[in-house]
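*Asks:* pasting the sequence and the predicted model now:
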Amino acid sequence: MSSQDELFKSLVTEHQEMVINTCFRFVFNREDAEDLAQDVFVEVFRSLEQFREESKLSTWIYRIAVTKSLDHLRRLNRKKRFSSLKRMIGLTDPADSIAAPSRDNPAEVFAENDRARVLHGAINSLPDSQKTAFILSKLEGYSNQEIADILKTSIPAIESLVHRAKKKLHDKLYAYYAEH
């Protein structure tokens, strides 16, 4: 095995779980997150020779993970719009997309799924920069300095993005729960 293969293998071993978790925070689906992580490492492998040590290797890897996750969400949103159009004109059966409950109490499952759906919807409605900063800060636990490195911006910009994201989420969730 070449030294580059050894380096790549150690990168995957060291960062795989964090990359999967980062992707999961964006897509809320373990299988999609694992698929995205594979895409991330394929890109890392292809681009390893071009890596310039302007930032830490881990920062570069997580930047790729964020980009892949956001691209995935954009594709999903396009598919969702197309799927809604197909449903409106009667080309698909909405019952096809209903999953079987995984727990004994259907009301509990519904309430949990509903809360997750509302939160996921609120997070997804944020502009990409706010969504990314919020997820990396509040869900992944990165420091503002680390997020600034990943997003190639300043710490004050990150603080502002996270603050605006929290305010928008608060307003959206408050309005939703006040209404329901």
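*Replies:* Alright, I've got the coordinates. Worth saying up front: this structure is predicted, and the values here are computed from it rather than measured.
*Asks:* list the residues that contact Leu151.
*Replies:* The neighbours of Leu151, taking C-beta atoms under 8 Å, 6 or more residues apart in numbering as the test, are 63, 66, 129, 132-133, 158. C-beta here means a position set from N, CA and C on the backbone, and glycine is covered the same way.
*Asks:* change it to 7 Å
*Replies:* Contact partners of Leu151, counting by C-beta atoms under 7 Å, 6 or more residues apart in numbering, are 132-133.
*Asks:* once you drop chain neighbours, what's closest to the spatially most central residue of the chain?
*Replies:* Nearest to the geometric centre of the chain sits Phe26, at 1.5 Å (C-alpha atoms, centre = their mean). Spatially, and ignoring its direct neighbours in sequence, Phe26 is nearest to Ser69 (3.6 Å; C-beta to C-beta, 6 or more residues apart in numbering).
*Asks:* give me the pLDDT for the one you found.
*Replies:* We note a pLDDT of 92 for Ser69 in this prediction.
*Asks:* follow-up on the earlier one: the residue nearest to the centre of the chain against Asp71, yeah?
*Replies:* No. Using C-beta atoms under 7 Å, Phe26 is not in contact with Asp71; the gap is 10.0 Å.
*Asks:* those helices in the protein, which residues are they?
*Replies:* Along the chain, counting by DSSP state H, helices occupy 3-27, 30-47, 57-88, 106-124, 128-134, 144-151, 155-179.
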